[in-house]
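A.B. asks: let's see this in three dimensions:
(chains A, B, C and D, ligands or ions: 4)
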Amino acid sequence: MAAMSMIQALNSALDVMLERDPDVLMFGEDIGYFGGVFRVTEGLQKKYGLKRCFDTPISEGGIIATAIGMGAYGLRPVAEIQFADYILPAFDQLVSEAARLRYRSNGEFWAPITVRAPYGGGIFGGQTHSQSPEALFAHVTGLCTVIPSNPYDAKGLLIAAVESNDPVIFLEPKRIYNGPFDGHHDRQVKTWVNHPAAEVPEGHYTVPLGKAATLREGREVTVLAYGTMVHVAEAAIEETGIDAELIDLRSIVPLDIGAIVASMKKTGRGVILHEASRFAGFGAELSALIQERCFYHLKAPVARVAGWDTPYPHAFEWNYFPGPARVAAALKRVMEEN
Amino acid sequence: MAAMSMIQALNSALDVMLERDPDVLMFGEDIGYFGGVFRVTEGLQKKYGLKRCFDTPISEGGIIATAIGMGAYGLRPVAEIQFADYILPAFDQLVSEAARLRYRSNGEFWAPITVRAPYGGGIFGGQTHSQSPEALFAHVTGLCTVIPSNPYDAKGLLIAAVESNDPVIFLEPKRIYNGPFDGHHDRQVKTWVNHPAAEVPEGHYTVPLGKAATLREGREVTVLAYGTMVHVAEAAIEETGIDAELIDLRSIVPLDIGAIVASMKKTGRGVILHEASRFAGFGAELSALIQERCFYHLKAPVARVAGWDTPYPHAFEWNYFPGPARVAAALKRVMEEN
Amino acid sequence: MAEHLTLHIPKPPTRPGDAPDFSHLQIPPAGALPRPDSATPARELRDLSDGLIRVLDGEGYAVGAWTPTIEPQRLRDGLRAMLLTRLFEERMFRSHRQGKTSFFMKSTGEEAIGAAQSMVLSPRDMCFPTYRVLSWLMARGYPLNDLVNQIFSNERDPLRGRQLPILYSARAYGFYSLSGNLGSRFGHAVGWAMASAYKGDDSLALAYIGEGSTAEGDFHEALTFASVYHAPVILCVTNNQWAISSFAGIAGAQEATFAAKAAGYGLPGLRVDGNDFLAVWAATEWAVARARANLGATLIEFFTYRAAGHSTSDDPGRYRPADEAAHWPLGDPIVRLKQHLIAIGEWDEARNIQFEAELSEMVRSAAKEGEAVGTLGKSKPPVSEMFEGVFERPDWRVIEQRKELGV
Amino acid sequence: MAEHLTLHIPKPPTRPGDAPDFSHLQIPPAGALPRPDSATPARELRDLSDGLIRVLDGEGYAVGAWTPTIEPQRLRDGLRAMLLTRLFEERMFRSHRQGKTSFFMKSTGEEAIGAAQSMVLSPRDMCFPTYRVLSWLMARGYPLNDLVNQIFSNERDPLRGRQLPILYSARAYGFYSLSGNLGSRFGHAVGWAMASAYKGDDSLALAYIGEGSTAEGDFHEALTFASVYHAPVILCVTNNQWAISSFAGIAGAQEATFAAKAAGYGLPGLRVDGNDFLAVWAATEWAVARARANLGATLIEFFTYRAAGHSTSDDPGRYRPADEAAHWPLGDPIVRLKQHLIAIGEWDEARNIQFEAELSEMVRSAAKEGEAVGTLGKSKPPVSEMFEGVFERPDWRVIEQRKELGV
Ligand SMILES: Cc1ncc(C[n+]2csc(CCOP(=O)(O)OP(=O)(O)O)c2C)c(N)n1
Ligand SMILES: Cc1ncc(C[n+]2csc(CCOP(=O)(O)OP(=O)(O)O)c2C)c(N)n1
Ligand SMILES: [Mg+2]
Ligand SMILES: [Mg+2]
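C.D. replies: Numbering: from 1, shown residues only, chains lettered A, B, ... in the order given. Ligands and ions are numbered 1, 2, ... in the order given. Below is the predicted model of the structure:
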């Protein structure tokens, strides 16, 4: 067992899969010789050769189309999109092709592809290096969408994604690549060292898609989060002293509805978090599901804390980002009601 | 005043705008000489000349990129996408460019474009001629999304869209192009003739974006719908005899939150309808908003009736389509609770 | 310098009411072009993009360097596949008029392309089709019943009612899953071919795209990947002059040939008479040899004509001269192959009449059988099929919804 | 036929540790290519796509048919714009190291392109830039202060803190709004040009795209529309050999030139020495004349070299020989223009030294002024700016959210 950062854990997952399965290969912009702009594929081309991990033209649509064709042939391609913001030129490929291939061909063809993309804000990346498009994928029947919050999960989920026979969008919160981030941007930057979830086995293991993790049990309120917001939630819970149950969804499709409902029935109060802008974001689905399934247990309206309904603004990153103060305020509000 | 079908009303709106404003022009696949596969632009090329209404290459991304450039120059282009399903190759143009241009340039450039697309199911069009992608647009800050349910609104909303200085996605429920459709697919096909909303003035008028229409006042339950589902709702309300208030949202961005909240506070019960698949669909946002804003008025969980979470299946259209029986069942369920 | 700028909107030479006019086309005689070795560097092949590879002359004789060597029986098999396609499509088109299916499309005039290529390619190769290459399946003996059942969306529909008629999938016949959206599978062929090369396999990929659809970004992306990674793929543009109501000029045909696009990627671009079974065959053999020699992709433009309407929803008389099809200068591919077989003494009218009767009867009986199972709405797969295959294993949403629907 | 298929992955000739090697490049001498009239049909111009239009020879003399006629003062203005760009970028790069901004990118070695084109194009034309054509703005006298304030995202940032540094927008200077996503504005230029033609206006559009980004579908779509509608637009590929860590071969440069892509659209494709101010000028004049004569679009490939790292986040020593830039055979555009001015007797070293000092002082004082307003995080526009400009008029969501945030 070694302490790994999220980047190292992801690299290890890819390494393990390249080693185990000759049908696994990966490609994307700058991921070959250079090892990717975030260095997630560092060393893999050198270790496994040019054709197992290589650079592609700057053409996200072409990357995904190529991956789908390879997947249909029988390989397990892992495509990297350099930033999740740049996945949109491939949106039609993902929605009209990857997500629909199995269904429309009655299982003759399918797309066992994994699409990795650094995602989310908090790095002063401005509008086109900070977005969180998960809601767009969640609405598409036939796509899985995974968002890890720590190195252990990142590795286990990525291996599960690569081994899955369904197309998986694997969103990597880039702000927590090198250390957990609780939204206190003015405090010292942390690394993953000494974080319990940074203890990552060297070899093969999986974290199943569709299983949430209850990171903190609590009786008063349920907090649903994923990615970076899990750490923000932890900070806000600690700071408010509220006895909250914190659930890290880990994948939003498949969604662990059982865990959500059980917790909400227990606490009767809920706060949903995401970085993406609020309107028609994934929090809306969570809120609707809770309301439909736990209505008679609810003691207060379920709250959403999310990015504002504006594009991601460079200079106002910390006004936009739903940090611990906003989460704490929502927790208190939800506790005060009724 | 003339009785017009939705197609005629849309054609009339475009005619009025071509006549009034030399900066209005339109283009899309097969819309020129031929007048469009649904004939919405019929006669316009002949009347206004080749350059006011013309055919384009089959390239949705190119169509929207061209429209944005023209819009930035100062024209008011109206682009047709032949089916809403085929808008996805232009998704990046719409999200990363049209929606963000004004914001990122601090108002130096903007994209006063209207993107029309026949939309929704009910015509046995199979997977790629039946989809309802409105939720994907609703989540994108900077885009307006409009969905008319009748000829009068269609014309007034389309003129408002063309005159708007913001980019508008204008989704035309193709099943009601030629007549209202209440989901009783086994009954005789109706035309718009004699429908009150088919009385359409010849000239210029607008229906403002962001203003819902209360089509039926009621005290027991609020039904929120748009497009074809408005007619399904009417049928289901009539058939159940429940005293429902029916709100036609007309545009989902901007959303008439005032009308929704006022009605929900009055009735305390709600049913939300859309054709699109349920998960992370626009109904989720409506449900979440209601729950957040009307929690203490709610007598029962707000229900969603929507397409199933599968691709749109050709042979099972009527099993998939959320027809009057499913809506009626939801109405009854919502009335029975508590 | 002009007084002021003007916007150019391309227009076809003729419209309804005009006499058909193909005089703007430059049709070189059969046999005119040389046949460079298939290992020739792309930059030396540019002339092939502006010419037209033609083998069959006006009398049905094969002439010139591109003449392929084909066993007469194979030629008859080709004729059979084309004729079967023609007859089957006519029957199904009528079925649509009778309300037996929701939708149908014909490939009239383009049958040589799929038929010849299906025969040249090996069973291990994979074709990424458009909706207009049914002859590929016909040449490989795909069961007519399965086609009919898919078209009628009935209980025996191999795609279980999930897909619009004619959007077949037939993996065992080297025929990739079709879908309604244009262009988006062109790059899958490149990915497939790259996968085959990655594995040291010998399976090639072949993809089709309509000339109208070449305007999609996917086309360029596929060519770029094919070029950069030397993918063993044959990329085919079927230039049938029309994209629904839009003439090929709207896709740029007045500015350059579609084959000429190959040069920008360093690929050979062949321009081929698509109504000439032998020319299609020869060009395909050339591209196959090139791909198998690890020399990468070839772009082929098949110059042909969409003789029928776009689909059952279309009336071409609204946008082109009613009798334009009859004036297409490259003739009918079935007539031309038949003429060739007769010219070389391997066929005659009497056999042809019998042949046609046999094939018609096959089609008739397949249609009847399908009708017995059920036509649109009269029979369909179990409704539960709607919920299958969204993911490899159903998730709670489809399980719950299936329960809610009671199926 | 090969034994079995293999997958080809392109590789650059050298990597870190290797000696730089540009021997694979074919660099023709200056003045070698003819200059056909700008009304020449595209198909007669294909040789221009494979050659290289060069004007300045090794001694700084202008030679050959492409030699433009430029007033010496205009040449000095061009030199000024380039030098100012170079000095400004060096200063801001250092500011990034000092934490004064979040991000920066340099255009070192590519300054001739934006500068010459900005001067050839008229004030009414619109440029659709990439992030590497600051010299366009410099040539038009865009205020340095505004640049600095944008880069520092401070209170006076003309884009009100909404945009990443260097993603300027400057309508009055013919400079369209930049964004981080690559390629997606190339088609806007075509739309703009079509709009101008639609209105009978005389405004042209000019767009840039990196050679790496030509692989995006947007590139093809823009060329297709430009070709079909004869749009008065100049479409420029800046082939600076690198796309972050990926050499141009990953974008297809080993298979064909980028200029060669024009032929597939029936457009002229010029390949131009991008480090030669006079060649850039001449080629641009040619394309402008063509566009103004309603003869449509031109594709120009500028052959150049990205001498610096990709951005402040990049260390090119990780993927290419450390001293590769110094070996670029086409030299430094600033040095070459200066040498030319001296050769024709319109400049000397002494004036150059003074010139540099003046420009350095301008940059220094603009930087200082910006620093006085505030650097990253030390000063910013009012937070309420975050909520402005989403729509023309704010909707209830931003109104409520603004209230919630208390701004
Ligand atoms: C992405 C997309 N855009 C638009 C359409 C609508 N559409 C269906 S067929 C067609 C014309 C296709 O023309 P072409 O590519 O020439 O093929 P052909 O029908 O001539 O074989 C169009 C525009 C579609 N199916 N998919
Ligand atoms: C759509 C999109 N994909 C990927 C990126 C990430 N990215 C930023 S710059 C760059 C390289 C661009 O190379 P090139 O087009 O050659 O331009 P250059 O930087 O050399 O001027 C990449 C891949 C992006 N910004 N946008
Ligand atoms: Mg066609
Ligand atoms: Mg570059």
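A.B. asks: work out for me the element the spatially closest residue to A:Glu42 that is not a sequence neighbour sits within.
C.D. replies: Leaving aside its sequence neighbours, A:Glu42 sits nearest to A:Gly35 (CB to CB, 6 or more residues apart in numbering or on different chains; 3.3 Å). Any C-beta I mention is one placed from the backbone N, CA and C, and that applies to glycine too. Assigning secondary structure by DSSP states H and E places A:Gly35 outside every helix and strand.
A.B. asks: A:Gly35 and A:Leu44 touch, don't they?
C.D. replies: Yes - A:Gly35 lies in contact with A:Leu44 (CB atoms under 8 Å); the separation is 7.3 Å.
A.B. asks: next, count neighbours for the nearest residue to A:Ala161 once chain neighbours are set aside.
C.D. replies: Once flanking residues are discounted, A:Ala161 sits nearest to A:Val168: 4.0 Å by CB to CB, 6+ apart. When neighbours are counted by other CB atoms under 10 Å in any protein chain shown, A:Val168 registers 29.
A.B. asks: relative to chain C, how far out is A:Val168?
C.D. replies: Using CB to the nearest CB, to the nearest Å, A:Val168 is found at 11 Å from chain C.
A.B. asks: show me what contacts that residue?
C.D. replies: Neighbour list for A:Val168: A:Ile113, A:Thr114, A:Val115, A:Leu143, A:Cys144, A:Thr145, A:Val146, A:Ala161, A:Leu209 [criterion: CB atoms under 8 Å, 6 or more residues apart in numbering or on different chains].
A.B. asks: please spell out which residues along stretch C:57-74 are buried.
C.D. replies: C:Asp57, C:Gly60, C:Ala62, C:Val63, C:Gly64, C:Trp66, C:Thr67, C:Pro68, C:Ile70 (16 or more other CB atoms under 10 Å in any protein chain shown).
A.B. asks: most proximal residue of chain A with respect to chain C?
C.D. replies: A:Gly69 (2.3 Å; CB to the nearest CB).
A.B. asks: wait, what's in contact with that residue?
C.D. replies: Counting by CB under 8 Å, 6+ apart, A:Gly69 makes contact with C:Gly187, C:His188, C:Ala189, C:Val190, C:Gly191, C:Trp192, C:Ala193, C:Met194, C:Ala195, C:Ala205.
A.B. asks: what about it, distance to C:Leu299?
C.D. replies: A:Gly69 sits 17 Å away from C:Leu299, going by CB to CB, to the nearest Å.
A.B. asks: out of the contacts of A:Val168, which comes closest to ligand 4?
C.D. replies: For the contacts of A:Val168, the minimum distance to ligand 4 (CB to the ion) is 24.4 Å, reached by A:Val115.
A.B. asks: pLDDT wise, what is residue 93 at?
C.D. replies: I went with chain A, as the question did not name one. Looking at A:Gln93, its pLDDT reads 98.
A.B. asks: try again with chain C
C.D. replies: Model confidence at C:Phe93 (pLDDT) stands at 97.
A.B. asks: contact partners for the closest residue to it other than its chain neighbours?
C.D. replies: Nearest non-adjacent residue to C:Phe93, counting by CB to CB, 6+ apart: C:Phe104, 5.5 Å away. Applying CB under 8 Å, 6+ apart to C:Phe104 gives the contacts C:Glu89, C:Met92, C:Phe93, C:Ser95, C:His96, C:Ile151, C:Pro165, C:Ile166, C:Ser311, C:Thr312.
A.B. asks: of the residues you listed, which is the most crowded?
C.D. replies: Counting neighbours by other CB under 10 Å, C:Pro165 leads the contacts of C:Phe104 with 29 neighbours.
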